[in-house]
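Visitor: Quick one, structure for this:
(chains A and B)
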Amino acid sequence: MKQLLRLRGAAALPVGESAEAQRGRLKLNLRLKIGLTILAFFAIASFTLPFFTDVDPAQQGTYLKNLPISWKHPLGTNTQGQSIFWYLVFAVRNSLALGITVAICISFISTMVGLSAGYIGGWYERLVMLLIDSVITIPVLPILIILSALVRGKTSFFLVGLIIVCFGWAWGARTVRSLALSLREREFVNMARFSGANTFQIITREIFPYVYAYMVVNFINTILFAINTEAALAVLGLSKVEVPTLGSILFWALNYNALFIGQRTWVIAPIVASVLLFLGLFLTSTGYNDLFAARRGRA
Amino acid sequence: MGLLQYIGQRLLTYVAVLFIGISITFFLPRLMPNDPIDGYIAQIQSRAGQTLTPEAAAEIRATLTELYGLEGSLFTQYLNYLRRVVFGFDFGPSFSAFPRPVSELIMLALPWTLGLLLTTTVISWLLGNLIGLLAGYYHNRRFATALEVLGVLIYPIPYYILALTLILLLAYTWKLFPLSTTIRPAPLSLAQIGSILYNSALPALTLVIAGFGWNILSMKSLSVATKEEPFVTFARLKGTSDRTRMFSYVFRNALLPQVTALALSLGTIFNGALLTEMLFSYPGLGLLMRTAVGNGDYNMLYGTITMTIFAVATAALVIDLIYPLFDPRIRYR
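Guide: Coordinates of the predicted model:
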């Protein structure tokens, strides 16, 4: 959610046309390069590597316990007899998959809600805005905690994702609505209306192409938000901790007091992986934002 | 007249947010397939070694139903709940600390959370904005780029990673701070204040760093944009000093969107504070919430969550109401 806020701030800024701004742009495109490189590395590694092993990483006692770092176990094994490296690979894959799925759902919902509110207007808009403002103000984590506490034991990975979707759509909807508001008054929209296009056609064919650039940036930010939220719940043991994710690996490490028994890699490896992944997502989203801003400036 | 309208509208939104928040905490758990009372009885059964008779179980069920306020139809329950929460801030007794009322335990924890949260939010907001201002005002110097890179590196790191990294570095590797909070209850003395500060240092540091990155980045881009405005050029031609322009011209104006952003991100900040408290066992609302989850203490969960929504909505309202002090030009729509 914080990410979406940042985006709003960035999108609202005027683009200066000085030489410095141009240099800034080039620097930011460096951001995009670094971000995409990190993301590509994580995506390719985590989605292909699982084909090269037939071991279930979450299975306990697959290997001897507490083995040091070696060729066979690049990050050693943990107290549960799991290979930390393979657990991490599956964790990154599951977190990414959850993030992308949730982001697709959230993007769809927030675009539909935001576009319809901005375009239809009237009491419908006022009602939707009140709902959006409430959902934004209400802290999500406590509600997620109570829901997870209630379904604990019977929870599934899918349900956790669904809960995140329910409380994650509001920021995007707010942004899309303000975009739609400014687009509603444009000439070409009136033109389409006079030519006999209905509301649905205007939204999908006339307004959507303008909103698309923001949606890409929003989409990446939402992936970050979803991975983050699931991991935060998992660290507290409130997600489906049997499924390896970036949060559940930390949950087990903390649960077995990994630091006190000298299992440093068990804690440090997921921290490093998460920071890199988040950095990659963040750099990609701000890099894209800038790329689109530059393109808009030229047009 | 315009001002009154602005305040009125804002109050209306405030009431609506509270109403929707309280309604969500009421209805969502009841839409869940699980029945907390079943959970309790199963828990008691397993502790009693399955010796509970069906009659005794039914009796417990009736008592629990009453204590939870689960009698009558969903609608009467809802009205009762609203009445109790709005007029008495009454969530019934806590189940793990029976029979102490939930509201009493919340009031004990609240000063800790508010103290930690207010201090860290003010520090990180001011410090982040000042660093962002420096980075933005001197944006073609080398140190400005370094400050921006710092912001980019810190910003995407989530609270729990930050908390764990600080524990790993400052409490485990270099034993500067305690691993988790251990504040003994004692009368207020210099030593006690010292102990509180010593124990709060790491959670506070986590919250300050987490809020830092975003403030640096957004203030930086805002002040770069403001610096190009004609009135700043005019001030330069008038012969004002660099410092006057930086603080009185750029900072004053770039601050306004930052105030709005602070109001909007309060929910996120509160989320982070709760999470940080849980990870450091800091005796605030977050820890209450965590122990409530562990014990299945649902009254306590509803109480803490309602309190959080109330706190965040009120803080947002206060910021919105004092906003005209920062920006006298505000148009009361």
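Visitor: got a list of what the residue nearest the centre of chain B touches?
Guide: Closest to where the C-alpha atoms of chain B average out (CA atoms, centre = their mean) is residue B:270, at 1.7 Å. Residues counted as contacts of residue B:270 (CB atoms under 8 Å, 6 or more residues apart in numbering or on different chains) are A:139, A:141, B:117, B:308, B:311-312. Any C-beta I mention is one placed from the backbone N, CA and C, and that applies to glycine too.
Visitor: what about 7 Å?
Guide: Contacts for residue B:270 (CB atoms under 7 Å, 6 or more residues apart in numbering or on different chains) come out as A:139, B:308, B:312.
Visitor: What of residue B:171?
Guide: By CB under 7 Å, 6+ apart, residue B:171 lies in contact with B:177-179, B:202.
Visitor: Show me which of those are buried.
Guide: Among these, those scoring as buried are B:177-178, B:202 (criterion: 16 or more other CB atoms under 10 Å in any protein chain shown).
Visitor: mind putting these in TSV, secondary structure included?
Guide: As requested, these are exported to TSV (DSSP: H, G, I helix; E, B strand; the rest coil):
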residue	secondary structure
B:177	coil
B:178	coil
B:202	helix
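Visitor: one step back: can you redo the contacts of residue B:270 as CSV with pLDDT?
Guide: Listed next are the contacts of residue B:270 as CSV, based on pLDDT from 0 to 100:
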residue, pLDDT
A:139, 80
B:308, 87
B:312, 86
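Visitor: any residue of stretch B:319-333 up close to chain A?
Guide: No - counting by CB under 7 Å from any CB of the partner chain, chain A is not contacted by stretch B:319-333; separation bottoms out at 11.0 Å.
Visitor: just how off-centre is that stretch within its chain?
Guide: Stretch B:319-333 has its C-alpha centroid displaced from the chain centroid by 24 Å (CA atoms, centre = their mean, to the nearest Å).
Visitor: now what about it, what contacts it?
Guide: Contacts of stretch B:319-333 with the rest of the structure, by CB under 7 Å, 6+ apart, involve B:2-3, B:5-7, B:10, B:255-256, B:259, B:262-263.
Visitor: With respect to pLDDT, which of those ranks lowest?
Guide: Looking at those by pLDDT, the weakest one is residue B:2, with 72.
Visitor: is it true that residue B:90 touches residue B:84?
Guide: Yes - using CB atoms under 7 Å, residue B:90 is in contact with residue B:84, at 4.5 Å.
Visitor: Tell me which of the two has more neighbours.
Guide: The neighbour count for residue B:90 versus residue B:84, taken as other CB atoms under 10 Å in any protein chain shown, is higher for residue B:90 (17 against 14).
Visitor: List the contacts of the more buried one.
Guide: Neighbour list for residue B:90: B:84, B:103 [criterion: CB under 7 Å, 6+ apart].
Visitor: 8 Å instead, please
Guide: B:84, B:101, B:103.
Visitor: Is it in a helix, a strand, or coil?
Guide: Classification of residue B:90 using three-state DSSP returns coil.
Visitor: cool, and residue A:56?
Guide: Per three-state DSSP, residue A:56 ends up coil.
Visitor: and the nearest residue to it once chain neighbours are set aside, how many residues sit next to it?
Guide: The shortest distance from residue A:56 to any non-neighbouring residue, by CB to CB, 6 or more residues apart in numbering or on different chains, is to residue A:62 (7.6 Å). By the criterion of other CB under 10 Å, residue A:62 has 15 neighbours.
Visitor: got it, and residue B:56?
Guide: Residue B:56: 13 neighbours (other CB under 10 Å).
Visitor: Roughly how far does it sit from residue B:300?
Guide: 25 Å (CB to CB, to the nearest Å).
Visitor: Please apply the same query to residue A:289.
Guide: 42 Å.
Visitor: Surely residue A:200 is in a strand?
Guide: No - Residue A:200 is assigned helix when assessed by three-state DSSP, not a strand.
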